[in-house]
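> what follows is a predicted structure for the sequence shown.
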Number of protein chains: 4
Amino acid sequence: MTDSVNRRTRASQKRQRLVAAAARVLHEQGVERTTLADIAREAEVPVGNVYYYFKTKDDLVLAALSEHRAYLAGLTGRLEELADPRERLKGLVEAWVEQREVAARRGCPTGTLAVELDKRADGTLDAEAGAVIRELLDWAGAQFRALGMADPEGLALTLVSAYQGMSLLANALREPEVMSREGDRLLARLDALRAPDGQL
Amino acid sequence: MTDSVNRRTRASQKRQRLVAAAARVLHEQGVERTTLADIAREAEVPVGNVYYYFKTKDDLVLAALSEHRAYLAGLTGRLEELADPRERLKGLVEAWVEQREVAARRGCPTGTLAVELDKRADGTLDAEAGAVIRELLDWAGAQFRALGMADPEGLALTLVSAYQGMSLLANALREPEVMSREGDRLLARLDALRAPDGQL
Amino acid sequence: MTDSVNRRTRASQKRQRLVAAAARVLHEQGVERTTLADIAREAEVPVGNVYYYFKTKDDLVLAALSEHRAYLAGLTGRLEELADPRERLKGLVEAWVEQREVAARRGCPTGTLAVELDKRADGTLDAEAGAVIRELLDWAGAQFRALGMADPEGLALTLVSAYQGMSLLANALREPEVMSREGDRLLARLDALRAPDGQL
Amino acid sequence: MTDSVNRRTRASQKRQRLVAAAARVLHEQGVERTTLADIAREAEVPVGNVYYYFKTKDDLVLAALSEHRAYLAGLTGRLEELADPRERLKGLVEAWVEQREVAARRGCPTGTLAVELDKRADGTLDAEAGAVIRELLDWAGAQFRALGMADPEGLALTLVSAYQGMSLLANALREPEVMSREGDRLLARLDALRAPDGQL
DNA sequence: GATGAATGAGCGTTCATTCAT
DNA sequence: GATGAATGAACGCTCATTCAT
């Protein structure tokens, strides 16, 4: 490995460290309560250096959203190794339930970010948050379609909406059990879904 | 009416104006993006005067939560005039759908507040937000119990979770139709709910 | 004097102190090298308090320009007590020469401000600086017109241009004598100006 | 041509590009509003590389002043091909008027630089700006002396002062016509200058 | 009780300069 | 020699909170 590659690698590592730290800290503390110093400290990068990689704080928030999008892509990618779309959807729900402790403490990373960003007058960032959620909707819709359901988009909406709802309640009530309980219900519904016009 | 009563009345009017303004502005802009000056301006009260009624900004946030709680109490109170618990629950869902434009623009007042407050290290305020949501859960649970359902708390959880989920999605996607669509689904489910072990 | 008047008076005193300090410090150090802390310190006002009176640093610069405009108005006002327009113009030149030490150290307050502000992309403030200079041009033009000169505006332009030129040179060369020397020349020219089509 | 010469040549090209860019950008934006990155970008040189050629930003400012001095030397050099000193001086004024658009937009490069540098506590750079102006004074003085005038330095001062004044006014008022008007006046004066004790 | 004014800690951002390779 | 990356001090500005009257 040449020096130049070495340098580039270290640099992207730092950038990546910043993005990961941003995703983590923004999820924990929210956008407005998180200072750049918080993120820099978490990433072990001097504050001034952050601006070498990101022009503004909002740029970092955007990068954190991409990180969440990438996490989601990884998850759905792995699920697509399953042959049965129904199993894929159930796998998604199981992944949600597995995250129940995090959800109870901090909520859904993308969902809570979307809530906070939607309070802004400028709609640039909240559109991005919406896009990440839409990607999940699209993936779920594709699975329902593969199952031969009549209204795949509607079912996807119900599923993702249920996820956001249970995450919010688990968080607001500080009860991870909300995730297990509603998760179980969703799993049963997915199993029971047989007729093309079935509902969740 | 004596002067002292006059004074007390005028004072509580000011207080009430502040609380109403806080509820409105905090819902619109979120807690962190809202300054005391914003609320004071909206309430037409001088900034310095706010501290006569509320010791801190957090006190005002608390008061705004009470306002939402009171709004909720008013709504459920009116619904209790209906004899059939099923009709009461359907009335609740209809009220949610009626607010679809607001939900798409700003989300559920209590839910978005809960999300933001849960990001805090100090759990005082977010417990209060949780309590408001819990009150709604309790009321819904009571209706399901009155209907003779086997798991009234579980059904209430599913119902309120669905509401928070659809509000969040409507808001994130900026689509009020999400509220109508999911609302219709919930109404149909409530109608179909007959056996004691039925599910939403 | 009532308390309320007292309060208002103290407040405007503070504002006035800030404006005077701004005019002084901005003249000495220039706009870009002057920090708000510099001005606040000079005015003996806490930094944060500056923003109660001025929304931005540029607002303070604007106020400093008004201060220079006011100074100019005071000077020309006093000169108008002289009956002969020629004497008024000579009085103006004498006032310039009296300021020779200041001019050699810092240049003309308005002129140097105009130079610095003209470097900005946004032309709001530099237009204001231009307006102050134009006011001086207008006043001088009126005097030449009263003297019955054929081209009063042209003469005014030459006079004010000579002032700005000699201030700049005195400043750049750090030689107050430039002001005396050119001042004497201008006085002689004003005296010699008799025919309506005469030139400075 | 050996490689070492090649290298030295390429290096000085880079240096020269930086100096030219500095002169241009500093004239446009002023010293304080210009970042090293601005100059580096304009010169198409990597930022970090600037410090190979110039120890500090001030060094670059100094180099920009030398560039202006060189431009001036070139101009006066060409004018010296004229036999008559009077024609040389008139050629100088004509050159000024030709630059009227630039003057109206940005002022005299050296004059505005001098104004800005004179605001500094450290007098090193402003002395250099003064030296460039003094060089012009000297050259003009030599021409007046060659014309047999009694007070060549005084006449030079008046001439250069007129130039700086008209540039400043043209700039502050954003009126190139100021340059033409005052330029014409100076040309007429130079023509009318016959007696040894004549004045501009 | 009421309120304009005051306060200071802290934030996002910039930039000349230095460093490691 | 060359350069992308790093650094930290400083700036303009905001705002919850307090104070004086």
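Cool, got the structure.
> now the residue in chain A positioned nearest to chain D: which helix or strand?
In chain A, no residue comes nearer to chain D than A:Tyr52, which is 11.3 Å away by Cβ to the nearest Cβ. Quick note: C-beta positions are derived from backbone N, CA and C, even for glycine. Using DSSP states H and E, the secondary-structure element containing A:Tyr52 is helix A:47-53.
> any weak-confidence spans in chain A?
A:1-11 (pLDDT under 70).
> quick one: the strands in it, in order.
Assigned by DSSP state E, chain A shows no strands.
> please, where are all the helices along it?
With DSSP state H, the ranges of helices along chain A come out as A:3-29, A:36-43, A:47-53, A:57-79, A:85-98, A:100-106, A:109-117, A:124-146, A:152-173, A:177-192.
> dump the fourth one to PDB, keeping only the CA atoms.
Translated: helix A:57-79. Extracted in PDB, the C-alpha atoms of helix A:57-79 (Å, rounded to 0.1, in the frame of the first residue of the first chain):
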ATOM      1  CA  LYS A  57     -23.600  21.100  10.900                       C
ATOM      2  CA  ASP A  58     -26.500  20.300   8.600                       C
ATOM      3  CA  ASP A  59     -24.100  18.500   6.300                       C
ATOM      4  CA  LEU A  60     -23.200  16.200   9.200                       C
ATOM      5  CA  VAL A  61     -26.900  15.600   9.900                       C
ATOM      6  CA  LEU A  62     -27.300  14.700   6.300                       C
ATOM      7  CA  ALA A  63     -24.400  12.300   6.500                       C
ATOM      8  CA  ALA A  64     -26.000  10.700   9.600                       C
ATOM      9  CA  LEU A  65     -29.200  10.200   7.700                       C
ATOM     10  CA  SER A  66     -27.200   8.500   4.900                       C
ATOM     11  CA  GLU A  67     -25.700   6.200   7.600                       C
ATOM     12  CA  HIS A  68     -29.200   5.200   8.700                       C
ATOM     13  CA  ARG A  69     -30.100   4.600   5.100                       C
ATOM     14  CA  ALA A  70     -27.100   2.400   4.600                       C
ATOM     15  CA  TYR A  71     -27.900   0.500   7.800                       C
ATOM     16  CA  LEU A  72     -31.300  -0.100   6.400                       C
ATOM     17  CA  ALA A  73     -30.000  -1.200   3.000                       C
ATOM     18  CA  GLY A  74     -27.700  -3.700   4.800                       C
ATOM     19  CA  LEU A  75     -30.600  -5.100   6.700                       C
ATOM     20  CA  THR A  76     -32.900  -5.500   3.800                       C
ATOM     21  CA  GLY A  77     -30.100  -6.800   1.700                       C
ATOM     22  CA  ARG A  78     -29.500  -9.600   4.200                       C
ATOM     23  CA  LEU A  79     -33.200 -10.300   4.400                       C
END
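> show me the contact partners of that helix.
Here helix A:57-79 makes contact (Cβ atoms under 8 Å, 6 or more residues apart in numbering or on different chains) with A:18-20, A:22-23, A:26-27, A:31, A:36, A:39, A:50, A:54, A:88, A:91-92, A:95, A:109-110, A:113, A:117, A:124-125, A:128-129, A:131-132, A:135-136, A:139.
> give me the buried subset of these.
Neighbour counting over the contacts of helix A:57-79 (16 or more other Cβ atoms under 10 Å in any protein chain shown) leaves A:18-20, A:22-23, A:26-27, A:31, A:36, A:39, A:50, A:54, A:88, A:91-92, A:109-110, A:113, A:117, A:125, A:128-129, A:132, A:136, A:139 as the buried ones.
> within reach of chain B, which of those residues are there?
A:Ala129 (Cβ under 8 Å from any Cβ of the partner chain).
> out of the helices of chain A, which is closest to C:Thr158?
The closest of the helices of chain A to C:Thr158 is helix A:47-53. By Cβ to Cβ, the value is 50.5 Å.
> who are the packing partners of that closest one?
helix A:3-29, helix A:36-43 (3 or more Cβ pairs under 8 Å, 6 or more residues apart in numbering or on different chains; DSSP states H and E).
> just want the residue of chain A that's nearest DNA strand F.
Proximity of chain A to DNA strand F (Cβ to the nearest atom of the strand) peaks at A:Gly48, 2.2 Å away.
> okay, now that residue: neighbour count?
9 (other Cβ atoms under 10 Å in any protein chain shown).
> hmm, A:Phe144 is touching A:Ala156, no?
Yes: between A:Phe144 and A:Ala156 there is a contact under Cβ atoms under 8 Å: 5.9 Å.
> follow-up on the earlier one: distance to D:Ala70 for the helices of chain A - can I get that in a markdown table?
Output for the helices of chain A, formatted as a markdown table (distance: least, Cβ to Cβ, whole Å):
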| stretch | distance to D:Ala70 |
| --- | --- |
| helix A:3-29 | 39 |
| helix A:36-43 | 45 |
| helix A:47-53 | 36 |
| helix A:57-79 | 43 |
| helix A:85-98 | 70 |
| helix A:100-106 | 64 |
| helix A:109-117 | 55 |
| helix A:124-146 | 48 |
| helix A:152-173 | 68 |
| helix A:177-192 | 75 |
